[in-house]
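In: sequence plus predicted model, see below.
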Amino acid sequence: MRILAALSVFFLLSLFLSLTTAALGLEGLPSIHPSEISMKIASSPGRMTVSLQGESSTSFQEPVTRYVVLPTNAGDVQVRLADDELVSAVRITAGAPMIMRGLRLLPITISPVKGPSAIHTKTVEIEVFHSGGLEVQQPSNPLRHSKGFFDGLEILIASEQQYLLSSVEAGSYLIITDPRFESDLQPFAGWKREKGFVVDVVTTLDWGTDNGVIQDSIRARYHNSAYPPEYVLLVGDVGQIPGWNFHASVSDLPYALMDGDDWFPDLHVGRLSVETVAEAKTVIKKILNYEWQTYFTDSGDGVGTDWLRRGLVVGADYASDTPVAVSNWCREVLLGLDYEAVSSVYYPPHYDDHAGLIPAAINGGVSIISYRGWAYGVHGWEPPHFTSNEVFGLTNGWMLPAVFSFVCQNNDYAAEGICFGEAWLRAGTEEQPRGAVAFIGNSEPWSHTRFNDAAAIGAFKSIADGARRLGSLLLASKLEILHQFPTELEYAEYEDSSVEHNFYIYNLLGDPEMEILMAPPKAILVDHQSEIPMGANFTDVVVTEDDDVTPIVGARVGISSGNTTLGCAWTDENGVARVPALFGEVRSVGMTVTGTGLAPYRGQIDVVTEGAFAAFEGVEIDDSAGNSDGVVNPGETVDLSVTLHNFGETAATSLQAAIAVGVGAELVTGSADYPDIAPGASAIPDAPFTISVDPDAGDGLRLIFLLEAQAAERSSVTEFNLQVVAPALRYESYTVADDGVLNPGESAGLTVTITNDGSLTASAATAVLRSELPGIIAVIDSASSYPALEIGGSGLSETAFTVQAGDEAFIGQVANMKLILTTEEGYISETDFSLVVGEVDHRAPLAADAYGYYAYDNSDTDYPDTAPLYDWITCSTLYGGSGTRIELRDNRTTLVDVPFPFTFYGKSYDRLMISDNGWASFDTLSYHDYYNWRLPDAYGSGAKMAPFWDNLDPGFKVDDVLVGDGIYTYSDDAHHRFVVEWSRLANERSVFNSPNEPDWDLQTFQLILYDPAYYPNQTTGDGVIEFQYKNIVNNDHERMYSTVGIENETEDIGIEYSHLNEYAPGAAPLSDGLAIRFTTEPPRYDPVRIARFTAEPVDGGILMSWAPCDDRPLNGYRIYREQEGGGFAEVSKSIIGSKTNTYLDRDVDPDAVIAYKIGILDPVGYESMHGPYIYDGPVSGNLRLALTSRGANPFRGAVELGFTLPIRVDVQLQLFDISGRLVRTLVNGVTDPGQWTIPWDGNDTNGRAVSSGLYLAKLSAGMEQKSLKLMLVK
């Protein structure tokens, strides 16, 4: 139960995020399991500091989503990284603050920025700034929530804010009914109370039949009740309880819109659409017997449980080519959940099949039914033909499925007569039921294929992830629509093609709290007290499997008495639920255990009042040994005077008590004597209990105490808790000395700013800095101190720490740092932050996915070992290639053999499925879908490579003449690679007036697989994949443009390079001449640089010559000259070609001293600046061999070496360390006479930063030599 309750809120929270981040190409649902990332938050007026801590250095390699609870008056919210250095490693995005069940929630997503840095960080810190605003939407009832609704939120927000979720109520259930059905609903309401829900039943005699009045009444309950509704059930057709007309489609969604001017539900709504008492009795009996599992036996009237592992999917490719593919995928989901059989009935070939396969499958027993296809209006499906008439003729009895109908108008319960969904719900009688127990569908007459596909995918994704609750599954369908179409939001702009429209039209006929069964229920054993004394305030319940050993986690335990719910809790990892409940003056209470896939348990506990029973009543704190502020602080010794009350019938005599405390404190005096307590009286101890609070007990920590009172007559155990009040010293920011960047091999001073976000002023503190990855960044000087800090105050370290990046660290690597602070009083705080090595720019790869694949493109020139080169391989025989044409019709796939074993995400493959729609897959299931979806995505084929996934058509014709070319494969044996080329294909947006128009609007691209035997991968052994683009037009705006990327076979790991015409951070846009490489080889940073430079006067100006460091592809150069007023201005009138390495500056005085810079352009036009290089004027007299350094020596980071040659000669300029080991060769070859400038960036031959120390530069020119000592300091 805990898990499923978590799912609904998790999906809803992800919804808020998607609204603002999906347009940036982010995933709406986090890929990392929430428990892998812990979160802390510290608050001060107008600011919050959010710290996220991963379990490993790979925790942030996929987008991570967390939520901050904002103050109710927070407005003008802004977020930023607390650590400016992480701007190059991660990106943060905040959604608009939204209200959900009384909390103002700010969704924040942390995404890796292109480059290796993001995959190595364990900590990300974010600052949230806000100001109060009069126009801010105010949530209602912010301090009382339902446990079930917010259970999942506990793992998504910081522990410091979880007290905002504290709730003794187990959830609330509001039933609104026609008065005729009220008495028949009492068993249903009673069952929900047994489960632990607070239940209220109201009729339209109380609230009327106006939908606005009913909505206002629900809102009043939501805003003002101690138990805001979590579930709302409407009992009656729209004639008794009206729905809402949303642009001619009926909807119950407005009954869930409680806070804010939005269309995000604040609760779950379902409807039992019945018109008569008999129909109401039938539907209620269906639900209760389903949940009670009354007939799940093999004897008597029982139907057994085998049918729970059977399903039915129905689909029709009628006027659309995707429903059967979607239905096939849903079928595979069910088979993956160990279904024994999932029948499928598809058109083609089946059309008029109402007397055949569909009824036979249902009457034989299935637990779930799904349909995608074409609607027969409100009446049902066609094709295959199956309508309400056939539903009423079913004979499936108590084998009642949940029906999902992702098609137009099947759920238009406002239509005249009975709609298809109502037929499923109402069919049968109390004694002879038939039809279904619930129905999810939409009410729009012309809903669109792509949204219905997404709704089906969302529901079955959620089922695959473990969700079973009907309200959650309805919400999951809507959220998938949002996830896939995040830019088509509002009805006002997109009308019936909007996400808002689909949120309204999909509704539930059924109980929103009910869980569907998809397997035989698991038998459980429940161990609980048979008797409990009056006055007890909790009871422990143990739930195990029927082996009496294996604990059941997440089972819901409810305790009730008559019409009163006393308490509810969920079992922990040991199968134990501690249920808080005050056992008062009742004779007995009911105890019920339910859970996902469990057989329910219904037991009883007798409440007894024999003898004496002394239990907790209150506590008084005495901290006079500390700061006497009357609250519990870290490091204090505190006396606790605990009041006991005797709830028994006789006096409690010879009374002694003992306490035990959990995390955060230790006992000093754990026992106390009490005077005798008469029945109904109270007393304090003769001497107090004493505890010692841990110095590192955090602000807001709740100390949980067990109190055992032992009287002569009997003993009692009750519970109480106290909250710690303390400073909370948190990391705020850091500054690296000098240029602000810590480069490989460099040491630098580090100033760290902290803030006190706790509830108590902090005195002066000492600090110790530690690195969790000293091989990447080591701490050389770890000690500093901080001044006293008021609440909300900030302060800098009074002396700088010293850190050093490792010689083997690469640009973008991140080390997690821990700062340990101890105040004068002894309060201890620990706070984490991340330090990044170097500064990542756009010329770096996309961060690796969770498996280890990186994406490099040919703009990543600073990573020459792994960046691809664009080198088009012509496969099309129409254009001179030697490939084999694949005959593919529109929206079809074909299988081909790969000529070598290819390893992809750790698995070897030798066959490839190729789609005409721009993707290929090693998962050779016969899925096809012309709609492109996000990556990774659970729908469709896995092990997918998508160079340009879009709705392409190899048979596109104009005037009956084929336009374009086709799809080809080519086995390039000479180079050991296999190529798939999509040659000149039209997409859905291609426009041609005649077949003779130029092919600029046709797509030409290719996929290349490299034989791992000839292109070995030293990291994982996985193969190398490349995408190349010869002619690309990404213009299909009606269907989210194209999708580019890869995913593994299980479709939970992958890289989304592009979707929605948005790009992963740092990815080069799709364009002619782009190449993308996917490989698990990690990056080696080796930036492009100028290897040598010279400038000399010639007739007409100054002639510059230079040489790049190697032959990596470049787009050319620009020359800049220093201006008299400062700064540099371009003097080259146009881009200098990459093969040209000279430039004559004519408009210049050759007798002046001039500084130049060279701009190097990468293949996509990005420019990096190099220099300055100094022209010293003409050389007087004869040139002599010389070697000098320009600038300071000792130097930091980089140095420029200048040498002069009198003649053309073979030259070597080399660097050695003091042991004589060769470090780097800067020049090696014949060089013309003149003055040359050669930069040394402090790296060795392998691109690694060398350590501080003395180095020798040696110039050899023919028979002559010069040397120069260089001192590198960091």
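Out: Right, received. Where do you want to start? Residues are numbered from 1 along each chain as shown.
In: so how far is residue 629 from the closest residue to residue 630 other than its chain neighbours?
Out: Leaving aside its sequence neighbours, residue 630 sits nearest to residue 621 (C-beta to C-beta, 6 or more residues apart in numbering; 6.0 Å). Using the backbone N, CA and C atoms, a C-beta is placed for each residue, glycine as well. Using C-beta to C-beta, to the nearest Å, residue 621 is found at 9 Å from residue 629.
In: the two: which is more packed in?
Out: residue 621 (16 against 12; other C-beta atoms under 10 Å).
In: for that one, give me phi and psi.
Out: phi -100, psi 130 (degrees, to the nearest 10).
In: also the one 4 residues further on?
Out: The phi and psi torsions at residue 625 (degrees, to the nearest 10) take the values phi -80, psi -10.
In: got a list of contacts for the helix or strand harbouring residue 421?
Out: Element membership for residue 421 (DSSP states H and E) is helix 420-426. Residues from elsewhere that reach helix 420-426 (C-beta atoms under 8 Å, 6 or more residues apart in numbering): 237, 272-274, 279, 282-283, 378-381, 387-388, 391-392, 403, 405, 410-411, 413, 418, 435-439, 441, 509-510.
In: weed out the non-buried ones from the residues you listed.
Out: 237, 272-274, 279, 282-283, 378-381, 387-388, 391, 403, 405, 410-411, 413, 418, 435-439, 441, 509-510 (16 or more other C-beta atoms under 10 Å).
In: what segments of the stretch 501-650 of the chain are strands?
Out: 506-509, 524-527, 531-533, 538-545, 556-561, 564-570, 576-580, 588-594, 601-608, 614-622, 637-646 (DSSP state E, counting those that start in this stretch).
In: and those as a markdown table, adding distance to residue 725 and mean pLDDT?
Out: As requested, these are arranged in a markdown table below (distance: least, C-beta to C-beta, whole Å; pLDDT from 0 to 100):
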| stretch | distance to residue 725 | mean pLDDT |
| --- | --- | --- |
| strand 506-509 | 45 | 98 |
| strand 524-527 | 38 | 97 |
| strand 531-533 | 34 | 93 |
| strand 538-545 | 25 | 96 |
| strand 556-561 | 33 | 94 |
| strand 564-570 | 27 | 91 |
| strand 576-580 | 24 | 93 |
| strand 588-594 | 36 | 96 |
| strand 601-608 | 37 | 95 |
| strand 614-622 | 11 | 94 |
| strand 637-646 | 11 | 96 |
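In: got the ones you listed as JSON lines, with distance to residue 459 columns?
Out: Converted to JSON lines, the strands of the stretch 501-650 of the chain look like this (distance: least, C-beta to C-beta, whole Å):
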{"stretch": "strand 506-509", "distance to residue 459": "10"}
{"stretch": "strand 524-527", "distance to residue 459": "28"}
{"stretch": "strand 531-533", "distance to residue 459": "42"}
{"stretch": "strand 538-545", "distance to residue 459": "29"}
{"stretch": "strand 556-561", "distance to residue 459": "23"}
{"stretch": "strand 564-570", "distance to residue 459": "25"}
{"stretch": "strand 576-580", "distance to residue 459": "30"}
{"stretch": "strand 588-594", "distance to residue 459": "22"}
{"stretch": "strand 601-608", "distance to residue 459": "29"}
{"stretch": "strand 614-622", "distance to residue 459": "47"}
{"stretch": "strand 637-646", "distance to residue 459": "52"}
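In: mind checking which of those is nearest residue 864?
Out: Evaluated over the strands of the stretch 501-650 of the chain, closeness to residue 864 peaks at strand 506-509, with 51.8 Å, by C-beta to C-beta.
In: next, the buried residues of stretch 1240-1250.
Out: Buried, per 16+ other C-beta under 10 Å, within stretch 1240-1250: 1240, 1242-1244, 1247-1250.
In: coming back round to it: now the element after the helix holding residue 421, going C-ward?
Out: Sequence-wise, the next helix or strand downstream of helix 420-426 (DSSP H and E) is strand 438-442.
In: circling back: off-centre distance for the helix holding residue 421?
Out: 37 Å (C-alpha atoms, centre = their mean, to the nearest Å).
In: list the beta-bridge partners for the closest residue to residue 179 other than its chain neighbours.
Out: Excluding its sequence neighbours, the residue lying closest to residue 179 (C-beta to C-beta, 6+ apart) is residue 203, at 4.1 Å. Listed by DSSP bridges, the beta-bridge partners for residue 203 are residue 177.
In: list the contacts for residue 203?
Out: Going by C-beta under 8 Å, 6+ apart, residue 203 touches 176-179, 182.
In: now do the host helix or strand of residue 1027, average pLDDT.
Out: According to DSSP H and E, residue 1027 maps onto strand 1025-1031. Summarised as a single mean, pLDDT over strand 1025-1031 is 97.
In: that strand pairs with which strands?
Out: By DSSP bridges, strand 1025-1031 pairs with strand 1003-1010 (antiparallel), strand 1075-1079 (antiparallel).
In: among those, which is nearest residue 692?
Out: strand 1075-1079 (56.6 Å).
In: in the helix or strand following the closest one, what counts as buried?
Out: As assigned by DSSP H and E, the chain's next helix or strand after strand 1075-1079 is strand 1090-1098. Buried residues in strand 1090-1098, counted by 16+ other C-beta under 10 Å: 1090, 1092-1097.
In: strand 1090-1098 pairs with which strands?
Out: Strand 1090-1098 is paired, per DSSP bridges, with strand 1101-1108 (antiparallel), strand 1234-1240 (antiparallel).
In: want to try JSON lines for these, with mean pLDDT and distance to residue 677 as columns?
Out: Output for those, formatted as JSON lines (pLDDT from 0 to 100; distance: least, C-beta to C-beta, whole Å):
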{"stretch": "strand 1101-1108", "mean pLDDT": "92", "distance to residue 677": "90"}
{"stretch": "strand 1234-1240", "mean pLDDT": "87", "distance to residue 677": "85"}
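In: please identify the most buried of those strands.
Out: Most buried of the strands paired with strand 1090-1098, by mean neighbour count (mean count of other C-beta atoms under 10 Å): strand 1234-1240, with a mean of 22.
In: could you find the closest non-adjacent residue to residue 915?
Out: residue 893 (4.8 Å).
In: pLDDT weak spots in the stretch 401-550 of the chain?
Out: The model of the stretch 401-550 of the chain has no residue with pLDDT under 70.
In: do that again at 80, thanks
Out: Along the stretch 401-550 of the chain, segments meeting pLDDT under 80 span 483, 486-487.
In: thought residue 819 was touching residue 830?
Out: Yes: using C-beta atoms under 8 Å, residue 819 is in contact with residue 830, at 7.1 Å.
In: and the helices in the chain, which stretches?
Out: 2-21, 147-150, 186-195, 204-207, 211-224, 277-292, 323-336, 357-363, 388-392, 420-426, 449-464, 470-484, 491-494, 499-505 (DSSP state H).
In: can you list the domains in this protein?
Out: 2-165, 275-509, 524-608, 614-723, 729-836, 854-1079, 1088-1178, 1179-1274 (automatic domain parsing).
In: between those domains, which gets nearest to residue 211?
Out: Per C-beta to C-beta, nearest to residue 211 of the domains of the chain: domain 275-509, 11.4 Å.
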